[in-house]
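Novice: I'll drop the sequence and a predicted model, then ask my questions.
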Amino acid sequence: MISEKDIKEIDSSNMFNVLKIFYEQIRYVINKANELPKLDNPNQKFLLFGIGGSAIAGDLLQSFFRNSELNSLEIFVNRNYFPLYRIEPSTNVIVSSYSGNTEETLEAFSIAKKYTKNIIGITSGGKLENILQDEGFPLIKLPEGYQPRAAIGYSFFSLLLFIWKSYATPEKYSKLISELILLEKLLKEKSKIYSEISSNNIALEYANKLFDKLPIIYACEETLFPVAMRFRAQIQENAKCLAFASPIPEMNHNEINSFLNPLNIAKDVSVIILKDKNDHPRNQKRIDAMYSILKSNVEIAIIESKEDKYVFRMFDLLYFLDWVSFYLAILYKTDPTPIPVITKLKNLLHT
């Protein structure tokens, strides 16, 4: 069992506390909502430039709007040095870099400016803030001092309210604010459970089950696959542990056939399926079939939130899984905050 002493000795940057008060990020955004810009000529297509922790908010937004009354909105996430999607003069471009210095994002931004002026940036500072201010583009300013992955509440809810404000009626905008206040309350209650080092802590319990395993995470593409991607990345960055994620139904046509070789690999694998009531009915049946097929030779679990609203279910799971990745880091005696290999890679790219 992990002790509080273990956490204090290993968690040098106190990610424990960042997770514990994560719900405060929602309140911060709500309090700043009136300062968020509004699109003058809203178009249905958004292209978000970002990498890593600065990109996942776009994936979550894509899933949120797909499962909302504003499901006509299209949000594409671009993780590269150049736009992979067509940019028209009416396309809305979001440039997302928490540090403001992400080279891939800045280069893609420099290209996008040639095609559209409908650009907004979201950052805590750096080169991106300077460019946005110098060239007169609107800016959503994030608090400084976080790892990008730990600021997901700031980025997601800021962009959510920014877009919702531009498309929804004032009444629906006020309704969303009220729902986010309730979500803040829910995550605050969950924080008390997940931050207590006891046998009642289900996040700690699940981290123990994943210890010394290779996590493979599945979710339906139309709903929770961005949460699966987030969990994969959190395990990789926090626990410095290999993890993989694939979408349903695609994996049913290839990956489900691969749990045989190398020999004996099944004993080292832990399969996690994230399920949601908005999953397509046939995909729900696929999940049940997957479970029945795989349970005989691999460790497998289906995780599902029972909350009513989709955004509640999405963040209920995301928050739980963030804690799992944190405790997994402590079990591996690995400081969850530093990412030395990524830092080394960046240094090599600049030599």
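Specialist: That came through, no problem.

Novice: now the helix or strand encompassing G58: how far from the chain's centre is it?
Specialist: Assigned by DSSP states H and E, G58 belongs to helix 56-66. Computed by CA atoms, centre = their mean, to the nearest Å, the chain-centroid distance of helix 56-66 equals 9 Å.

Novice: ditto for stretch 199-208
Specialist: 21 Å.

Novice: Show me what counts as buried in it.
Specialist: N201, A203, L204, Y206, A207, N208 (16 or more other CB atoms under 10 Å). In short, each C-beta sits where N, CA and C put it, glycine included.

Novice: Can you lay out those residues as TSV showing secondary structure?
Specialist: Formatted as TSV, the buried residues of stretch 199-208 follow (DSSP: H, G, I helix; E, B strand; the rest coil):
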residue	secondary structure
N201	coil
A203	helix
L204	helix
Y206	helix
A207	helix
N208	helix
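
Novice: which residues sit against the host helix or strand of N17?
Specialist: In this assignment (DSSP H and E), N17 forms part of helix 15-20. Helix 15-20 is contacted from outside by 7, 146-147, 150, 191, 194-195, 238, 322-323, 326, 336-337, using CB atoms under 8 Å, 6 or more residues apart in numbering.

Novice: Just the buried residues of those.
Specialist: So, by 16+ other CB under 10 Å, the buried ones in the contacts of helix 15-20 are 7, 146-147, 150, 191, 194-195, 238, 322-323, 326, 336-337.

Novice: Send me the helix holding N17 as PDB with only the CA atoms.
Specialist: Extracted as PDB, the C-alpha positions of helix 15-20 are listed here (Å, rounded to 0.1, in the frame of the first residue of the first chain):
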ATOM      1  CA  MET A  15       1.200  16.900  -8.600                       C
ATOM      2  CA  PHE A  16      -0.900  15.300  -5.800                       C
ATOM      3  CA  ASN A  17      -2.200  18.700  -4.800                       C
ATOM      4  CA  VAL A  18      -2.700  19.800  -8.500                       C
ATOM      5  CA  LEU A  19      -5.000  16.800  -8.900                       C
ATOM      6  CA  LYS A  20      -6.700  17.300  -5.500                       C
END
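
Novice: neighbours around I302, how many?
Specialist: By other CB atoms under 10 Å, the residues close to I302 number 14.

Novice: Could you point out which of the buried residues of stretch 199-208 is nearest to K285?
Specialist: Nearest to K285 among these is Y206, at 25.5 Å by CB to CB.
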